[in-house]
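Asker: any chance you could fold what I've pasted below:
(2 chains, ligands or ions: 2)
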Amino acid sequence: MTPLPSITERLARNTYHLDEDENHIEVNQEIARRTGTGKLLVRICPAQVYGEAPDGTITVNYAACLECGTCKAMAAPGALTWHYPRGGFGIAYREG
Amino acid sequence: MSTDVDFDVIVIGAGIAGMVCAHQLARAGHEVVLIERGQEPGTKNLSGGVLYCRVLEAVFPGFVERAPVERRITRNVLSFLNDTSHLNVDYWDSRLAEPVNAVTVLRAKLDPWMAAECEQAGVMVMPGVRVDALLREGDQVVGVRAGDDELRAHVVVAADGVNSFIAQEAGVRPKEPIKHLAVGVKSVIALPRTTIEDRFRVSGDEGVAYAFVGDCTQSIAGGGFLYTNLDSVSLGVVLRLDDLEAKGLSSADVHDRFLAHPAVEPLIRGGELLEYGCHLTIEDGPAMVAHDLTRPGLVIIGDAAGFTLNTGLTIRGMDLAAASGMAAATAITAALKAGDFSDDGLSGYRAELDRSFVGADLKTYAKAPAFLENPRMYSEYGQLLAEVFHGIYAHDLTPRKHLVSTAMAAVKRSRLTLGRLMLDGWAGARAL
Ligand SMILES: Cc1cc2nc3c(=O)[nH]c(=O)nc-3n(C[C@H](O)[C@H](O)[C@H](O)COP(=O)(O)OP(=O)(O)OC[C@H]3O[C@@H](n4cnc5c(N)ncnc54)[C@H](O)[C@@H]3O)c2cc1C
Ligand code: SF4
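Answerer: Ligands and ions are numbered 1, 2, ... in the order given. Model prediction:
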């Protein structure tokens, strides 16, 4: 047994300064579906920010984002708008 | 031109590169502002954690004694993992303790210390501010924009890390192909100090660094690592993005399976998860560094410029970040003195780099990324070694063979040919 709880519980132990007013991630559903980027995002994000609803829509839980940039690097052109959260917001590593 | 600036130099990003550069510039008497998007320096930064620290002694005398470092690495273990076996090369050397060669660090602890050193040297540290864009007049970069605010300087230093959005969005650098990048997924697990000393056979402030190859990434190009801190261990996987895409696996699952591997789990047993994080890193530094490093009024340093060497066994980015920050500070000081902020005026940067260990190491390891692309690295070789050692140690009452025939038999059973093996061995020796 490793000392690893579920991803959600894991992230709950991290410190975040949540930006309630601004979401820094937006998926273009149509392009995401057409290019396969949607399914790719769900699988490659280490924080499991992305999910797939039964109707194929890609859901985004931006509050969990660890700001690595993997999704932005791998998404098909136009499928994802992603930028760093505003200054001072987002993940705040205590170990790093 | 000197009258309409707010600072001599604006440094974007308080990572190792930006802080070393800002510190050296302030030391040389220049007005420097260091802008960091995190609420405090270090809050956005994640590294595996082995810092080859000698270069930092030159910037911060007494670095190892004064800075919040974790352990001095005196033991290095290279571990070949297979599904049901593993084989370790275990190297301890007292010479690695003195002078100190490498220490483990946790960036959220190290970076605030370094920022305080910068402030003491006269740098104005501005945390909690995200730079949104460069200000330009024609070809010349003349400052930065953050929200509604604009700041102007003679030189802007982009030290904003691997994603390097500032330089990319200004069209100075291209978007990197994903095979040049890898994602690191990491956990920090608390263990009592005495457990760490007993379990890893280290005493005092000595520590161990494991590099894992083979089954740790479920055949995705990359590797695993485990480093001891004072009272925790840092461990995780590094996955090359193109291969993560190709193999159809989930990055979190690969991380979790690595921690559960029979060779790894006993090392963290009984521990408590302190933090789970991820960060991009660079797979092909030499290819990225080949792009432009300067534009009129702009200098790019650290990961933003591609200064990371991934040899498969070690990732070295922090020491190169520091060295590139130092080289940039020297070149910018010369440019400020001459009042020449053109490409020509800043060309001292490349020259300084070539003179330092950075230039030499980038050349030495230029072939490593191509070698590490070899898929056999991540599957067949660990299996082959395990077969050889199984032949040596498993006594099933059949007559024993000499080591050479044991090895040859193992090669035969594997899908590798002897010629393939020799070619890879030769390529490896040349690349690393
Ligand atoms: C999993 C993993 C393991 C690693 N292991 C090692 C190792 O063992 N040893 C080693 O030497 N290296 C290692 N590295 C590499 C090392 O972490 C990096 O090379 C190093 O951190 C680069 O330093 P930097 O200063 O260039 O960038 P960073 O440390 O990334 O700093 C960039 C800074 O810029 C800030 N920033 C970014 N954009 C903006 C903006 N728009 N406005 C304001 N601020 C901004 C960020 O918040 C950050 O503070 C590892 C990397 C990873 C991901
Ligand atoms: S930046 Fe990283 S953590 Fe955030 S959504 Fe993208 S892949 Fe997930």
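Asker: same question for residue A:20, what's its three-state structure.
Answerer: Recorded secondary structure, residue A:20: coil (DSSP: H, G, I helix; E, B strand; the rest coil).
Asker: spit out the contact partners of it.
Answerer: Contact partners of residue A:20, counting by CB atoms under 8 Å, 6 or more residues apart in numbering or on different chains, are absent. Any C-beta I mention is one placed from the backbone N, CA and C, and that applies to glycine too.
Asker: what about the longest helix in chain B?
Answerer: The single longest helix within chain B, with elements called by DSSP state H, is helix B:318-338.
Asker: please spell out which residues along the helix or strand following that one are buried.
Answerer: Counting by DSSP states H and E, the next helix or strand C-terminal to helix B:318-338 is helix B:348-355. For helix B:348-355, the buried set under the neighbour-count rule, 16 or more other CB atoms under 10 Å in any protein chain shown, comprises B:348-350, B:352-353.
Asker: so what touches the following helix or strand past helix B:348-355?
Answerer: Downstream of helix B:348-355, the first helix or strand assigned by DSSP H and E is helix B:357-364. With contacts defined as CB under 8 Å, 6+ apart, helix B:357-364 is touched by B:55, B:285-286, B:289, B:307, B:309, B:316, B:320, B:323-324, B:327, B:353.
Asker: let's see 10 Å
Answerer: B:52, B:54-55, B:285-286, B:289-290, B:306-307, B:309, B:311, B:316, B:319-324, B:326-327, B:350-354, B:431-432 (CB atoms under 10 Å, 6 or more residues apart in numbering or on different chains).
Asker: how close does the residue nearest the centre of chain A get to chain B?
Answerer: The residue lying closest to the centre of chain A (CA atoms, centre = their mean) is residue A:49, at 3.3 Å. Separation of residue A:49 from chain B (CB to the nearest CB, to the nearest Å): 11 Å.
Asker: do I have it right that that residue meets residue A:66?
Answerer: Yes - judged on CB atoms under 10 Å, residue A:49 makes contact with residue A:66 at a distance of 8.3 Å.
Asker: and the one helix or strand residue B:79 maps to, what other elements does it pack with?
Answerer: Following DSSP H and E, one finds residue B:79 within strand B:72-81. On a contact count with 3 or more CB pairs under 10 Å, 6 or more residues apart in numbering or on different chains; DSSP states H and E, strand B:72-81 meets strand B:50-52, strand B:86-92, strand B:102-104, strand B:206-214, strand B:222-228, helix B:380-393.
Asker: how about a cut-off of 8 Å?
Answerer: With contacts taken as 3 or more CB pairs under 8 Å, 6 or more residues apart in numbering or on different chains; DSSP states H and E, strand B:72-81 sits against strand B:86-92, strand B:102-104, strand B:206-214, helix B:380-393.
Asker: does ligand 2 sit close to stretch B:238-245?
Answerer: No - contact of stretch B:238-245 with ligand 2 (CB under 6 Å from any ligand atom) is absent, the minimum separation being 10.5 Å.
Asker: gap between that stretch and the chain center?
Answerer: Stretch B:238-245 sits 16 Å away from the centroid of its parent chain (CA atoms, centre = their mean, to the nearest Å).
Asker: mind listing what the one residue in chain A that gets nearest to ligand 1 touches?
Answerer: Relative to ligand 1, the nearest point of chain A is residue A:84 (6.1 Å; CB to the nearest ligand atom). Residue A:84 makes contact with A:24, A:67, A:90, B:37, B:130, B:165, according to CB under 8 Å, 6+ apart.
Asker: kindly present those as TSV, with separate columns for distance to ligand 2.
Answerer: TSV is the format used below for these (distance: CB to the nearest ligand atom, whole Å):
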residue	distance to ligand 2
A:24	9
A:67	5
A:90	9
B:37	14
B:130	15
B:165	12
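Asker: which of those has the most neighbours?
Answerer: residue B:37 (26 neighbours; other CB atoms under 10 Å in any protein chain shown).
Asker: one step back: chain A: which of the helices and strands packed on strand B:72-81 is closest?
Answerer: Proximity to chain A (CB to the nearest CB) singles out strand B:102-104 among the helices and strands packed on strand B:72-81, at 11.5 Å.
Asker: helices of chain A, start to end?
Answerer: A:7-13, A:29-35, A:37-44, A:70-74.
Asker: could I get the ones you listed in a markdown table, plus columns for distance to ligand 2 and mean pLDDT?
Answerer: Shown next, in a markdown table, are the helices of chain A (distance: least, CB to the nearest ligand atom, whole Å; pLDDT from 0 to 100):
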| stretch | distance to ligand 2 | mean pLDDT |
| --- | --- | --- |
| helix A:7-13 | 10 | 96 |
| helix A:29-35 | 13 | 98 |
| helix A:37-44 | 6 | 98 |
| helix A:70-74 | 3 | 98 |
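Asker: need these in JSON lines (columns: distance to ligand 1 and mean neighbour count).
Answerer: Output for those, formatted as JSON lines (distance: least, CB to the nearest ligand atom, whole Å; neighbours: other CB atoms under 10 Å in any protein chain shown):
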{"stretch": "helix A:7-13", "distance to ligand 1": "16", "mean neighbour count": "15"}
{"stretch": "helix A:29-35", "distance to ligand 1": "25", "mean neighbour count": "16"}
{"stretch": "helix A:37-44", "distance to ligand 1": "15", "mean neighbour count": "21"}
{"stretch": "helix A:70-74", "distance to ligand 1": "11", "mean neighbour count": "22"}
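Asker: let me have those helices in CSV, adding distance to residue B:42 as columns.
Answerer: Shown next, in CSV, are the helices of chain A (distance: least, CB to CB, whole Å):
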stretch, distance to residue B:42
helix A:7-13, 18
helix A:29-35, 34
helix A:37-44, 26
helix A:70-74, 21
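Asker: just put the helices and strands packed on strand B:72-81 in TSV and tack on mean pLDDT, distance to residue B:420 and mean neighbour count.
Answerer: What follows is the helices and strands packed on strand B:72-81, written out as TSV (pLDDT from 0 to 100; distance: least, CB to CB, whole Å; neighbours: other CB atoms under 10 Å in any protein chain shown):
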stretch	mean pLDDT	distance to residue B:420	mean neighbour count
strand B:86-92	91	20	14
strand B:102-104	97	34	24
strand B:206-214	94	17	24
helix B:380-393	76	9	18
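Asker: among these, which is nearest residue B:418?
Answerer: helix B:380-393 (11.4 Å; CB to CB).
Asker: with just CA atoms, put that closest one into PDB.
Answerer: Extracted C-alpha coordinates of helix B:380-393, given in PDB (Å, rounded to 0.1, in the frame of the first residue of the first chain):
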ATOM      1  CA  GLU B 380      14.500  -4.600 -23.100                       C
ATOM      2  CA  TYR B 381      17.600  -3.600 -21.300                       C
ATOM      3  CA  GLY B 382      16.300  -3.900 -17.700                       C
ATOM      4  CA  GLN B 383      14.900  -7.300 -18.600                       C
ATOM      5  CA  LEU B 384      18.300  -8.300 -20.100                       C
ATOM      6  CA  LEU B 385      20.200  -7.400 -17.000                       C
ATOM      7  CA  ALA B 386      17.800  -9.200 -14.800                       C
ATOM      8  CA  GLU B 387      18.200 -12.300 -16.900                       C
ATOM      9  CA  VAL B 388      22.000 -12.200 -16.600                       C
ATOM     10  CA  PHE B 389      21.800 -11.800 -12.900                       C
ATOM     11  CA  HIS B 390      19.100 -14.400 -12.600                       C
ATOM     12  CA  GLY B 391      21.500 -16.800 -14.400                       C
ATOM     13  CA  ILE B 392      24.200 -16.000 -11.800                       C
ATOM     14  CA  TYR B 393      22.100 -16.300  -8.700                       C
END
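Asker: state the next helix or strand along the chain beyond that helix.
Answerer: Defined by DSSP H and E, the subsequent element after helix B:380-393 is helix B:403-413.
Asker: contacts only, for residue B:343.
Answerer: With CB under 8 Å, 6+ apart, residue B:343 has these contacts: B:294-296.
Asker: and which of these is nearest residue B:153?
Answerer: residue B:296 (12.9 Å).
Asker: what's the first-to-last distance across stretch B:224-232?
Answerer: Taking CA to CA, to the nearest Å, the first and last residues of stretch B:224-232 lie 17 Å apart.
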